[in-house]
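Participant: Prediction below, plus the sequence it came from.
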Amino acid sequence: MSKRFRRFLTGFLALAVLGAGCRVGWAQEAPSSGQPAPPPSEEAPAAPLSLEEVLKSALEKNLDIAVRRYAPKISETLIETQRAIFEPSLTLSATADENNSPQSSALGGANVLTEKNKTFAATYLDPLQIGSTFQFDVFTNRRTNNSFFATLNPSYFTQALATYTQPFLRNFGMGVNRTQILIAQNSERISRSQFHQTVMDTLAAAEKAYWDLNFALMNLETQKASLKLAEDFLEQTQVKVRVGTLPPIEITQSKAGVADRLQGVILARNSVKTAEDNLRLLMNVPNDSPLWDQSILPSDKPEVLDKMVDMAEAVRTAMDHRPDMEQARMDLASKDADLRFRKNQRLYRLDLVARYGAQGLAGDLFDVDIVTVTRTPVSSTGVGDSFDQVERRDFTTWSAQIVLGIPLGNRAADAAYAAAEYGQGQSRLTIQRIEQQARVEVRNAVRQLETNLESFRAAQQNTKLQREKLDAEQKKYENGMSTAFQILQFQTDLTTAQSRENQAIVDYNKSLVELDRVLGILIETRNVSIAD
C-alpha cells in the first residue's frame, strides 16, 4: 500500500469521525475536555427584578434622597420665621415698689415719707408689612403715701395711648419689608428643585446600573459560549491528532485557547457580582434582606427604540425643565429682591409718629385744712372710675411728630448695596454659564444617542459577519487548509464582536436615560410621583 494511499485513507477516516458528531459543536453538547470547569454555584435561586421595582426601591429607600428630603422642610420653617416678624404681640406686666425717704421740712407732710406704687400695664404691638407700626398701651397705677397734704390717697391713674409710626422713605412699602420672606420662599423652591434633582440623578444612576447588570449577564453568556466553542474545538483537535492528521503540538494550542476562555468566564462572573452589588447599593437593600444572597435576574431587557430627537426642541425643553436652571433663576430673583432692599436702606429716615390717648384719675379725695390740721373725706372712687373716664375720653392727649434721620457717611449701607450689586451680577453670569452647559450637555446627549444607535447596528452586522467568517474558516480547517491558531483567533473575533454588540445595545439604553436626565424630564418620563 503506497504512502499516498495511506494518507488518503487516514484523512478519510478523520473526516468520518468528525461527521459522526465531532463538528465544532454549534448545537451538540461536547464531552469534557479535561480542563477545570467553573465551580458550581451554591447560591439561592435568582431573584427576578424589573426596572420598575428597581426605580421604586431607589426612590423610596435611597439614602441620598432621604437626606435631601429634609431640606425643603427646613426651608419651610425659615419662611415661617420671616413671617413671624409681622405677627402682633401682647405684653403684660405688673410692678410693685415702695420708697421711704426722710423729710427735712414739714412741707413733706411726714417725717418719713412712704410712697407705695402698684402698676399694671399691657402693650399690644402690631408691625405691619407696609413698614408701619401700631402700638396700643394701657396701664393703671395705684399710689398711696402717708403725707398729710395728700388730697387723693390712694390715687388711681389710668392711661390708654395709641401710637402709629409710618416711615415714608427708608423701610416704606410691602416690597421692601417682605424681602426676607421672598428670599426664604425662593430658598424653599430651590430646596425642592435640588430634591427633584437628587431624585432624578438617583433614578438615572439606578437605571444605568440596571442596564450595566444586563450587560454583565449578557457578557457572561457570551464568554460561556466562547468557552464552549474552544472546548469543542479542543475535542476536534484531539480527534485529528489521534488519527494522525495533526501534530500533537496543536493540542497545546487548543488547550491554551480553552484556558484563555475560562479566564474570561471567571472575570465575567465577577463583573456580574460587582454589577449586582452596585444595584443593591442604589436600591439601599436592607442588610437582612435575602436579596444579598440571591443572584439578580433582570426581567426587563434592553431594547432599541430607534428614537429620533430634534436638537433645537431638545435644547428648549432643557431650558424649561432642568432643575439647575430653575435654581439659578430663583437665586437671581432673590438677588434682585435683596438689591432693591439694600437700595432702600441707603435712603434717609423720614417717619411720622402720631399719638392719641386718654387719661383717668380716681381715688379717695380729702379736704386738707392746714390751720386746724385736719383731713376731711370728701368722696371715694375706685380704679373702675378711672377706666370710665378713659372710655369717655374725658381727658385726652395727642401729638404728631416728624422724625428726619440723615446718615452721615452711610458706609455700611453703601457697602451692603455694592455687595448686593455684585451678587446680582454674579447670578446673571451663573445663569449664562448654566445655559451654555445645558446646551452642550443636551447636544452631546443627542449625538451620543445617535452614535450608540449607529454603533449597535454596525455591531450587529459585525457579529453576523464574524460568525460567517468563523464558519468558513472551520470548513477550511476540516479540509486541512487552516490552523488551530486561525480558528482560535476567529473565535476570539466572534466573541469580541458579540461583546461589542451587547455593549452597544446597553449603551444605547443608557444614553436614553442620560438624555432624559439632561433634559430634566426623567421623573416625568418614568411616571414617578413625588409626594411632599
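Facilitator: Received it, and whenever you're ready, just let me know what you need.

Participant: now residue 481, what's its secondary structure?
Facilitator: coil (DSSP: H, G, I helix; E, B strand; the rest coil).

Participant: got a list of contacts for stretch 273-292?
Facilitator: Residues from elsewhere that reach stretch 273-292 (CB atoms under 8 Å, 6 or more residues apart in numbering): 44, 47, 54, 57-58, 61-63, 202, 205-206, 209-210, 212-213, 215-216, 295-296. In this view, the C-beta of every residue, glycine as well, is placed from N, C-alpha and C.

Participant: Any idea what the nearest residue in space to residue 393 that is not next to it in sequence is bridged to?
Facilitator: Sequence neighbours aside, residue 358 is the residue nearest to residue 393 in space, at 4.4 Å (criterion: CB to CB, 6 or more residues apart in numbering). For residue 358, the beta-bridge partners are residue 160, residue 396 (DSSP bridges).

Participant: and residue 358, how many neighbours?
Facilitator: 19 (other CB atoms under 10 Å).

Participant: And residue 197, by the same measure?
Facilitator: Look at residue 197: counted by other CB under 10 Å, it has 19 neighbours.

Participant: just checking, next helix/strand downstream of the helix ranked longest in the chain?
Facilitator: Longest helix in the chain by number of residues (criterion: DSSP state H): helix 411-478. Next helix or strand after helix 411-478 toward the C-terminus (DSSP states H and E): helix 484-519.

Participant: Packing partners of that next one?
Facilitator: Applying 3 or more CB pairs under 8 Å, 6 or more residues apart in numbering; DSSP states H and E, one finds that helix 484-519 contacts helix 179-243, helix 249-283, helix 311-321, helix 411-478, helix 522-525.

Participant: State the mean pLDDT of it.
Facilitator: Helix 484-519 carries an average pLDDT of 92.

Participant: so how far is that helix off the chain centroid?
Facilitator: The chain centroid and the centroid of helix 484-519 are separated by 33 Å under CA atoms, centre = their mean, to the nearest Å.

Participant: can you pull the buried residues of that helix?
Facilitator: Buried positions in helix 484-519, judged by neighbour count with 16 or more other CB atoms under 10 Å: 484, 487-488, 490-495, 497-519.

Participant: now that helix against helix 311-321, angle please.
Facilitator: Helix 484-519 runs at 50 degrees relative to helix 311-321, counting by axes from the mean of the first three to the mean of the last three CA atoms, to 10 degrees.

Participant: and helix 484-519 with helix 411-478, angle?
Facilitator: Using the same axes, to 10 degrees, helix 484-519 lies at 150 degrees relative to helix 411-478.

Participant: distance of the nearest residue to residue 272 once chain neighbours are set aside from residue 376?
Facilitator: Nearest non-adjacent residue to residue 272, counting by CB to CB, 6+ apart: residue 216, 4.4 Å away. Computed with CB to CB, to the nearest Å, the distance linking residue 216 and residue 376 is 111 Å.

Participant: neighbour count winner among these two?
Facilitator: Counting neighbours by other CB under 10 Å for residue 216 and for residue 376 shows that residue 216 has the greater number, 22 against 10.

Participant: can you pull the contacts of the more buried one?
Facilitator: 268, 271, 272, 274, 275.

Participant: burial measure for the fourth one, as a count.
Facilitator: Burial measure for residue 274: 12 neighbouring residues, criterion other CB under 10 Å.

Participant: Check what pLDDT it gets.
Facilitator: Looking at residue 274, its pLDDT is 96.

Participant: measure it to residue 61 for me?
Facilitator: Where residue 61 is concerned, residue 274 sits at a distance of 21 Å (CB to CB).

Participant: The first one now?
Facilitator: Spatial separation of residue 268 from residue 61 under the definition CB to CB is 29 Å.

Participant: Let's verify residue 377: helix, strand, or coil?
Facilitator: Residue 377 ends up strand, using three-state DSSP.

Participant: Who are the contact partners of the residue nearest to it when sequence neighbours are not counted?
Facilitator: Leaving aside its sequence neighbours, residue 377 sits nearest to residue 366 (CB to CB, 6+ apart; 5.8 Å). For residue 366, the contact set (CB under 8 Å, 6+ apart) comprises 150, 151, 152, 153, 375, 376, 377, 378.
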